[in-house]
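Engineer: Quick one, what's the 3D model for this:
(one chain, ligands or ions: 2)
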Amino acid sequence: MARGEIEGDWVMGWPDRKRATLIPGKDAQGRVINGRAPLTELEGLITPTDVYYVVNQLEVPEPVHPDDWTLAIGGEIERPIELSLKDLRKLPGRTVRAVTECAGNDAGFFDYLMKGGRKPSRINQQDMQKRAEMREKGELPSTEEIGNESTTTCAVSGGEFTGVPLAEVLKRAGLKPGAVCVRMEGFDRGRPDLAVQYRSVGRSDFQLVDPGVINYEKALPLEKALDPDTLLAWSMNGEYLLHIHGAPVRMVVPGWSGNWWVKWLQKLEVMNRMPACYYQTHYFVYGGSPEDPHKHMITAMGVRCIIIDPLDEDSPLPRGSHRIRGLAWSGMGAIARVEVSLDGGKTWREAHIEEPREKWLWVRWSHLWEVDQPGHYRIVARATDETGRVQPQTPWNYQRKHFDGIVPADVTIV
Ligand SMILES: Nc1nc2c(c(=O)[nH]1)N[C@H]1C(S)=C(S)[C@@H](COP(=O)(O)O)O[C@H]1N2
Ligand SMILES: [Mo]
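Structural biologist: Ligands and ions are numbered 1, 2, ... in the order given. Sure thing, here's the model as predicted:
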């Protein structure tokens with residue numbers, strides 16, 4: 001611990017360590033509309049709620065009082081129903097610990113690994129407020145501006161969610177034969193922000209599809225909808241959901257990227273065909289270019305492993321022993337293995353995985369590094385999940401979604 005830290009904050013009237021804070025983007029009223037988690041300052045597996053990353057595609061809606069909230073379930077079911085929060089809470093509950101990760105997290109590393117240039121930093125992500133201000137004014141970034149940004153990182157967090165399995169609700173509603181998906185609709189509305197869409201692609205010199213004003217919606221394939229860990233959740237990290245995270249009730253879709261975790265849920269519609277939801281057919285997609293006729297929706301995340309200690313910014317480091325640390329997670333199951341290389345990937349060593357290893361949560365891993373030769377070192381790490389998938393799983397795609405490449409830490413030993 002650096003000596004200064006205990007002077008940081010007053011907590012419950014006592015001087016204490018400086019608390020980790022969200023890196024926020026705020027609207028004109030000073031309300032947080034997005035935020036990044038200070039990953040490198042955190043310990044353990046559960047990200048404290050106050051610093052959990054925040055992403056919203058549309059306008060953040062006015063809150064709905066939990067007593068006034070209902071969820072309508074219709075479509076291809078035997079018995080259309082409307083449930084209050086009290087009704088939901090009468091069903092058997094479940095708690096799931098899972099990583100929430102924005103599909104665009106670390107997208108800038110796609111370009112870095114492919115073309116080189118400036119490496120995006122895991123810290124000093126100070127452009128959030130600038131982006132929020134541009135969004136307020138409806139300004140669009142130029143392709144050059146986008147190129148100079150250190151594209152989103154730290155849009156990932158680990159949480160504990162309590163709710164009821166979606167499958168329990170569907171069982172009571174009675175699925176009709178032929179059902180293929182559940183359309184999940186939020187009560188937030190808005191017109192997708194063009195600046196966000198251009199940033200996602202990394203250029204702004206092409207025509208975008210503009211769906212106009214829409215509700216946020218995604219159509220979850222039935223198999224994932226019936227997974228017992230797919231929840232309608234009203235609680236996060238031991239307390240009721242905060243408004244910004246989708247209160248009164250949001251979806252939790254472990255293993256699939258954040259955009260599937262629909263917040264501010266108001267309606268479920270069982271359907272016998274996949275609808276053309278904007279965020280499923282145009283934005284959260286894999287494809288070769290905006291014009292690609294064969295785009296397809298993104299679902300489970302790949303396998304990820306990031307080094308959070310040392311960072312490039314920690315250089316130079318003294319000779320001696322250092323513990324290399326990081327986080328690893330996968331969209332398809334627990335992490336089985338993490339390997340570390342101290343020579344840029346020529347030779348690999350087994351890293352120690354710190355318990356517990358849960359199916360949907362990330363793990364912390366570490367490796368003791370004894371180094372007595374001064375010089376430049378390129379540290380890389382890669383993870384394997386319990387299904388045998390090794391990173392990277394996700395090739396470059398024009399929307400730069402689901403980055404799971406191997407990013408080096410470059411440090412100098414003196
Ligand atoms: N209703 C609604 N749900 C939403 C979104 C949204 O804009 N509206 N954004 C999605 C995206 S892209 C992400 S990454 C996650 C972020 O969840 P969080 O803000 O609770 O971390 O919410 C998802 N659910
Ligand atoms: Mo996202």
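Engineer: Tell me where the stretch 201-350 of the chain has helices.
Structural biologist: 222-225, 278 (DSSP state H, counting those that start in this stretch).
Engineer: Throw those into TSV and include distance to residue 182, mean neighbour count and mean pLDDT, thanks.
Structural biologist: Using the backbone N, CA and C atoms, a C-beta is placed for each residue, glycine as well. Shown next, in TSV, are the helices of the stretch 201-350 of the chain (distance: least, Cβ to Cβ, whole Å; neighbours: other Cβ atoms under 10 Å; pLDDT from 0 to 100):
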stretch	distance to residue 182	mean neighbour count	mean pLDDT
helix 222-225	5	17	98
helix 278	17	19	96
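Engineer: For ligand 1, find the nearest of the ones you listed.
Structural biologist: Of all the helices of the stretch 201-350 of the chain, it is helix 278 that lies closest to ligand 1, at 11.3 Å by Cβ to the nearest ligand atom.
Engineer: any residues touching the closest one, and which ones?
Structural biologist: 192, 209, 211, 214, 217 (Cβ atoms under 8 Å, 6 or more residues apart in numbering).
Engineer: other SSEs contacting the worst-scoring helix or strand of the chain on mean pLDDT?
Structural biologist: Within the chain, no helix or strand scores below helix 143-148, which has a mean of 76 by mean pLDDT, DSSP states H and E. Secondary-structure packing of helix 143-148 (3 or more Cβ pairs under 8 Å, 6 or more residues apart in numbering; DSSP states H and E): helix 194-201.
Engineer: May I see the buried residues of the helix it packs on?
Structural biologist: 194-201 (16 or more other Cβ atoms under 10 Å).
Engineer: Could you pull up the mean pLDDT of it?
Structural biologist: Per-residue pLDDT values across helix 194-201 average out to 88.
Engineer: Would it count as contacting ligand 1?
Structural biologist: No. Judged by Cβ under 6 Å from any ligand atom, helix 194-201 stays clear of ligand 1, getting no closer than 9.5 Å.
Engineer: and residue 154, how far is that from ligand 1?
Structural biologist: 11 Å (Cβ to the nearest ligand atom, to the nearest Å).
Engineer: related to what we said a few turns ago, how about CSV for the helices of the stretch 201-350 of the chain, with distance to residue 84 added?
Structural biologist: Output for the helices of the stretch 201-350 of the chain, formatted as CSV (distance: least, Cβ to Cβ, whole Å):
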stretch, distance to residue 84
helix 222-225, 21
helix 278, 29
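Engineer: Could you check how far residue 139 is from ligand 1?
Structural biologist: For residue 139, the distance to ligand 1 - Cβ to the nearest ligand atom - is 20 Å.
Engineer: Looks like that residue contacts residue 195 (just checking).
Structural biologist: Yes. Residue 139 lies in contact with residue 195 (Cβ atoms under 8 Å); the separation is 7.0 Å.
Engineer: Run a quick neighbour tally on the residue in the stretch 51-200 of the chain that ligand 2 sits nearest to.
Structural biologist: Checking the stretch 51-200 of the chain residue by residue against ligand 2 with Cβ to the ion singles out residue 102 as nearest, at 3.3 Å. Other residues lying near residue 102 total 25 when counted by other Cβ atoms under 10 Å.
Engineer: count of neighbours near the spatially closest residue to it that is not a sequence neighbour?
Structural biologist: Among residues not flanking residue 102 along the chain, residue 155 sits closest, at 3.6 Å (Cβ to Cβ, 6 or more residues apart in numbering). Using other Cβ under 10 Å, residue 155 has 24 other residues around it.
Engineer: Isn't residue 155 up against residue 105?
Structural biologist: Yes. Counting by Cβ under 8 Å, residue 155 touches residue 105, with 4.2 Å between them.
Engineer: how much space between residue 266 and ligand 2?
Structural biologist: 20 Å (Cβ to the ion, to the nearest Å).
Engineer: any idea of the pLDDT on that residue?
Structural biologist: Confidence for residue 266, expressed as pLDDT, is 98.
Engineer: same thing with the one 3 residues further on?
Structural biologist: Looking at residue 269, its pLDDT stands at 98.
Engineer: Listing request: residues of this structure with sub-threshold pLDDT.
Structural biologist: 1-5, 124-126, 150-152 (pLDDT under 70).
Engineer: one more time with 50, if that's ok
Structural biologist: 1-2 (pLDDT under 50).
Engineer: Enumerate the residues of it near ligand 1.
Structural biologist: 52-58, 100, 102, 186, 188, 216, 245-246, 258-259, 261-264.
Engineer: who's in contact with the residue nearest the centre of the chain?
Structural biologist: For the chain, residue 101 is the residue whose C-alpha lies nearest the centre (Cα atoms, centre = their mean; 1.4 Å). Residue 101 makes contact with 155-157, 257-258, 301, 304, 329, according to Cβ under 8 Å, 6+ apart.
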